[in-house]
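Colleague: Just need the structure, nothing else, for what follows:
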Amino acid sequence: MLKKLLPLCLILTWLSLAIGWATPSLLRASSVQQQIEALIHEKEAAVNAKEKSRFLSVINPSYPFYVQEQKRWYDDAVRWIDPGSYRLRLISVIPEREHQLRAWIEQSYRRKGKVHTTHFPLLFQETESGWKDSDYPFHTVARENVVVRYTESGWGEQASIALEAAHKAVHQLKKKMDWKPKHPVEVKIYHKPEWFRQSVKLSLPKWAGGWHEAGESIKLIGARGYTDQQLTTSGIVHEVTHMMVSDLTGDNAAYWLQEGAAEYYQSHLLPGLRTQQAKKNDQPQWKMSRLEQINLERLGDKEAKDYYFQCYRFFRYMIETYGEEKMRHLFSVLALSPEVDQDTGEKLTQVNRRTREAIKKVFGKTLEQLEQDWVADMKKRGKEQSDESIQEHFGG
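Modeller: Modelled structure (predicted):
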């Protein structure tokens, strides 16, 4: 009987030791999950209570671009969603690396009574002040002062194209506009449109595929099997130009000036980029005084294309007529005004006024006078093209 009891005692002893050794790690895992759940609930409660500082206290301060992006996301969210309808649920937590965890989150909210639900991963990092929300778990490639982060592991080639385009764009804009980026240039590529919008703002229109605001990373929606190198490069140049204009103007450029510059350099900065083509006798869609008041983010797809095109044409007229040195001067005058920490749509009236004042100072003309000159130039070019067509028809 004693011989039979001895092995059983040994087994029980081993089990008790194993349980004893495992208990601290199991307890820690349980504690960490509870902490992550508490952080998620804190974010949820902060949005529903409209307490911005409470919301930002969950974000990792070591990621300044992400902090700025989440400030803008929060400002939009509390206006966009139905009050009290924001919900976050922790689905799972898995270790990423030392002091880092990857959590899958379910987010839902109501907008005009309709429920919107999405799932996405978040990286949580352990800091001196506890666990913090630290953005998506990205893959990364870098070159000098440019870094590209991407959400899908199979998109290394597209990320490399983006890296090369961003590096070239920064180099060329430094030469043309004497621009020295205030921050390292960071590009984020998302393989899901809803993940992109989650990093920008929930209200963003469906047609939007890229984004940059002052103090943020450049953000783009990618596509599976994406092979159009020109389109990727053009999109990167567009957003890098936004970064340049924000830096050089203290983020005081009117929305139309921002988009005009971005569209112009998207077409003309690097060899082989696609150029905008105007139709014959193609007149502006809006007067500039009307264009100033339009919030691009509230336009439909077709109207947005017209808006971009008009901004491009007016900026092209300005730069071809007065030169890049004059445009640099315009940007430097805008930079004399203090920066306002709001997105461009929210400070539309203020940046419009500052841009008008800077135009008057630099060009000696009002915005309306510049517009009249532009329209006259278009009519002259249209007549010249028409005369050339007549001469060709009759063999002149």
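
Colleague: For the stretch 151-300 of the chain, which segments count as strands?
Modeller: 185-190, 210-211, 218-221 (DSSP state E, counting those that start in this stretch).

Colleague: so of these, which one's packed in deepest?
Modeller: strand 185-190 (a mean of 25; mean count of other Cβ atoms under 10 Å). Quick note: C-beta positions are derived from backbone N, CA and C, even for glycine.

Colleague: Each with direction, which strands does it pair with?
Modeller: Take DSSP bridges as the rule and strand 185-190 pairs in its sheet with strand 146-150 (parallel), strand 218-221 (parallel).

Colleague: Compare these and give me the one nearest residue 247.
Modeller: Distance to residue 247, taken as Cβ to Cβ, is lowest for strand 218-221 among those, at 12.8 Å.

Colleague: Which parts of the stretch 1-150 of the chain are strands?
Modeller: 87-97, 100-111, 114-127, 130-133, 139-143, 146-150.

Colleague: residues in contact with the longest one?
Modeller: With contact meaning Cβ atoms under 8 Å, 6 or more residues apart in numbering, strand 114-127 is reached by 36, 39, 60, 62, 91, 93, 96, 99-110, 131-137, 192, 194-195, 198, 202.

Colleague: Buried ones among those?
Modeller: Among the contacts of strand 114-127, those classed as buried by neighbour count (16 or more other Cβ atoms under 10 Å) are 36, 39, 60, 93, 96, 101-103, 105, 107, 109, 131-137, 194-195, 198, 202.

Colleague: thinking again about what came up before, got the strands of the stretch 1-150 of the chain as CSV, with mean pLDDT and distance to residue 296 columns?
Modeller: Below are the strands of the stretch 1-150 of the chain laid out as CSV (pLDDT from 0 to 100; distance: least, Cβ to Cβ, whole Å):
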stretch, mean pLDDT, distance to residue 296
strand 87-97, 94, 30
strand 100-111, 97, 20
strand 114-127, 97, 22
strand 130-133, 96, 29
strand 139-143, 95, 31
strand 146-150, 97, 26
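
Colleague: Quick check, residue 83 in contact with residue 48.
Modeller: Yes: with contacts counted by Cβ atoms under 8 Å, residue 83 reaches residue 48, the gap being 7.4 Å.

Colleague: For these two, indicate the residue with more neighbours.
Modeller: residue 48 (16 against 11; other Cβ atoms under 10 Å).

Colleague: hang on, isn't that one packed against residue 88?
Modeller: No: contact between residue 48 and residue 88 fails when scored by Cβ under 8 Å: they sit 10.3 Å apart.

Colleague: okay, the spatially most central residue of the chain: pLDDT?
Modeller: Residue closest to the mean C-alpha point of the chain, counted by Cα atoms, centre = their mean, is residue 211 at 3.2 Å. For residue 211, the pLDDT comes out at 95.

Colleague: how much space between it and residue 218?
Modeller: According to Cβ to Cβ, to the nearest Å, residue 211 stands 8 Å off from residue 218.

Colleague: Overlap in contacts, the two.
Modeller: Common neighbours of residue 211 and residue 218 (Cβ under 8 Å, 6+ apart) are residue 239.

Colleague: on that earlier part again, quick one: closest of the strands paired with strand 185-190 to residue 263.
Modeller: Evaluated with Cβ to Cβ, these place strand 218-221 nearest to residue 263, the distance being 15.7 Å.

Colleague: how far is the closest one from where the chain is centred?
Modeller: How far strand 218-221 lies from its chain's middle: 5 Å, per Cα atoms, centre = their mean, to the nearest Å.

Colleague: List the contacts of it.
Modeller: Applying Cβ under 8 Å, 6+ apart, the contact partners of strand 218-221 are 162, 166, 185-191, 193, 196, 199-200, 209-212, 232, 235-236, 239-240, 242-243.

Colleague: and what of stretch 364-375?
Modeller: Contacts with stretch 364-375, where a contact means Cβ under 8 Å, 6+ apart, come from 284, 287-289, 313-314, 317-318, 321, 355-356, 359-360, 363.

Colleague: From the chain's centroid, how far away is that stretch?
Modeller: Relative to its chain's centre, stretch 364-375 lies at 32 Å (Cα atoms, centre = their mean).

Colleague: from now on call the first residue 30
Modeller: All set: I'll call the first residue 30, so the last point we hit is now stretch 393-404.

Colleague: and that stretch, which residues are buried?
Modeller: Quick answer for stretch 393-404 (16+ other Cβ under 10 Å): 396, 399-400, 403.

Colleague: so can I have TSV of those showing secondary structure, pLDDT and distance to residue 323?
Modeller: Supplementary listing: the buried residues of stretch 393-404 in TSV, determined by DSSP: H, G, I helix; E, B strand; the rest coil; pLDDT from 0 to 100; distance: Cβ to Cβ, whole Å:
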residue	secondary structure	pLDDT	distance to residue 323
396	helix	97	15
399	helix	97	18
400	helix	96	15
403	helix	96	18
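
Colleague: Work out for me the element residue 401 sits within.
Modeller: For residue 401, the host element (DSSP states H and E) is helix 396-422.

Colleague: my guess is residue 215 contacts residue 246, does it?
Modeller: Yes: look at residue 215 against residue 246 with Cβ under 8 Å: they come within range, at 4.0 Å.

Colleague: any common contacting residues for these two?
Modeller: Residues touching both residue 215 and residue 246 comprise 94, 178, with contact defined as Cβ under 8 Å, 6+ apart.

Colleague: Now do the helices in the stretch 230-379 of the chain.
Modeller: All helices of the stretch 230-379 of the chain, identified by DSSP state H, counting those that start in this stretch, fall at 258-278, 284-297, 317-322, 330-351, 353-363, 377-392.

Colleague: what angle sits between the longest one and helix 353-363?
Modeller: For helix 330-351 and helix 353-363, the angle between their directions (axes from the mean of the first three to the mean of the last three Cα atoms, to 10 degrees) works out to 110 degrees.

Colleague: mean confidence for helix 330-351?
Modeller: Mean per-residue pLDDT for helix 330-351: 96.

Colleague: tell me what it is packed against?
Modeller: Applying 3 or more Cβ pairs under 8 Å, 6 or more residues apart in numbering; DSSP states H and E, one finds that helix 330-351 contacts helix 284-297, helix 317-322, helix 353-363, helix 396-422.
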